[in-house]
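prediction below, plus the sequence it came from.
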Amino acid sequence: MIGRAHEYEAMATCETALWWYKCLHDYTINALKKNKVATNDAILDAGCGTGGLLKKIIAEEYSNLQGFDLSPDALEFASNATGLPLKLYDILEVSQHYEPNSFDVIISHDIICLLPEGKDALAISQLFRVLKPGGLLIMNLPALSAFKGTHDLAVGITKRYTKQSIRSLVGEYGKIESMVYWPFLLSFPVYLTRLAQRAKLRNNSQKNFKSDVKMPDRMLNELFYQLSNFENRVMKAKPWGSSLFTLVRKEI
């Protein structure tokens, strides 16, 4: 979203309350706890955006945190939200800024999907270079081309992923411990929304698109959050969803 200051402002405004972000942050915290990540383990947020996730992790008393982003707009919000000395780095140059085997956990949500074609593999190699042997990569990415819409254009998404494409990206570096599509129960309304966006796109040459990052009605927002939390508790395998949440353990 480089150069889209209004999108970062929308993200910063919604990130602690919008159902989608709340669910993603919950999934991430649950992954840290289930994998017994110690509160003083070294954690890197690779593409920290406006800092909502780091703020959530800090609230869970994790203390050894670092983060970077390529957007000065995002970093201004993130630094104010977290108080951390965050860095203006490119994910394609991670190994220039951190020593090999530096981090116990690397989190990278919806970042490599913004890179030019073919550069996602380079980014993954950079992340695994600075991840410790036995360390954990926690990654969320937009999934399945059926869910593509003007939202993708607004935030700069260049690629949507499948389980197979993730396996191809990370398979040589470690073991995939979990890979889950989400949200499933809300996938049909999401699909209809994106289908309508694509239809509008075919009939409109407009270029100034806005993302889907905005607060719905308060009751709807709570309903969406509870539905997504429910499916996460009771449905361990879901056939599809507009996002793909993945945990990869680096080989020792």
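The structure has been received and is ready for your questions.

whatever helix or strand Leu201 lives in: how far from the chain's middle?
Per DSSP states H and E: Leu201 is located in helix 187-202. Distance of helix 187-202 from the chain centroid (C-alpha atoms, centre = their mean, to the nearest Å) equals 21 Å.

who's in contact with Leu186?
By C-beta atoms under 8 Å, 6 or more residues apart in numbering, the residues touching Leu186 are Phe224, Leu227, Ser228. For the C-beta atoms, the positions are set from N, CA and C on the backbone; glycine is no exception.

per-residue pLDDT, the closest residue to the first one other than its chain neighbours?
Nearest non-adjacent residue to Phe224, counting by C-beta to C-beta, 6 or more residues apart in numbering: Trp19, 4.0 Å away. The predicted structure scores Trp19 at 97 on the pLDDT scale.

pretty sure Trp19 contacts Tyr225?
Yes - using C-beta atoms under 8 Å, Trp19 is in contact with Tyr225, at 3.9 Å.

which one's more surrounded, those two?
Taking other C-beta atoms under 10 Å, Trp19 and Tyr225 do not tie; Trp19 has more neighbours (22 against 19).

of the contacts of Leu186, just say which sits nearest to Val105.
Ser228 (23.1 Å; C-beta to C-beta).

separation between Leu32 and Leu88?
26 Å (C-beta to C-beta, to the nearest Å).

so between the two, which is more surrounded?
Using other C-beta under 10 Å as the criterion, Leu32 and Leu88 rank with Leu32 on top: 20 against 11.

for that one, pull up the helix or strand it's in.
Here Leu32 sits within helix 19-34, counting by DSSP H and E.

backbone dihedrals for Ala10, both of them.
phi -60, psi -40 (degrees, to the nearest 10).

so it sits against Ser211, correct?
Yes - between Ala10 and Ser211 there is a contact at 6.8 Å, judged by C-beta under 8 Å.

tell me the spacing between Gly47 and Pro133.
From Gly47 to Pro133 the distance is 23 Å (C-beta to C-beta).

so which elements touch the helix holding Leu32?
helix 52-59, strand 103-109, strand 131-142, strand 174-182, helix 218-234, strand 243-250 (3 or more C-beta pairs under 8 Å, 6 or more residues apart in numbering; DSSP states H and E).

pairing partners for the last one, with directions?
Taking DSSP bridges as the criterion, strand 243-250 sits next to strand 131-142 (antiparallel), strand 174-182 (antiparallel) in its sheet.

dump the C-alpha coordinates for that strand into CSV.
Coordinates of each C-alpha in strand 243-250 appear next as CSV, following Å, rounded to 0.1, in the frame of the first residue of the first chain:
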residue,chain,number,x,y,z
SER,A,243,-7.3,-15.8,3.7
LEU,A,244,-4.8,-18.6,4.5
PHE,A,245,-3.1,-18.8,7.9
THR,A,246,0.1,-20.8,8.0
LEU,A,247,2.6,-22.0,10.6
VAL,A,248,6.0,-23.2,9.4
ARG,A,249,8.7,-24.7,11.7
LYS,A,250,12.2,-24.1,10.3
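
hmm, who's touching it?
Against strand 243-250 from outside (C-beta under 8 Å, 6+ apart): 24, 27, 31, 35, 128, 131-143, 161-163, 166, 170, 173-183.

rerun at 7 Å
27, 31, 128, 131, 133-143, 161, 163, 166, 170, 173-182 (C-beta atoms under 7 Å, 6 or more residues apart in numbering).

likewise for stretch 227-238?
Here stretch 227-238 has contacts from Trp19, Cys23, Asp26, Tyr27, Val180, Tyr181, Trp182, Pro183, Phe184, Leu185, Leu186, using C-beta under 7 Å, 6+ apart.

how about stretch 102-122: buried residues?
For stretch 102-122, a neighbour-count test (16 or more other C-beta atoms under 10 Å) marks 102-115, 120, 122 as buried.
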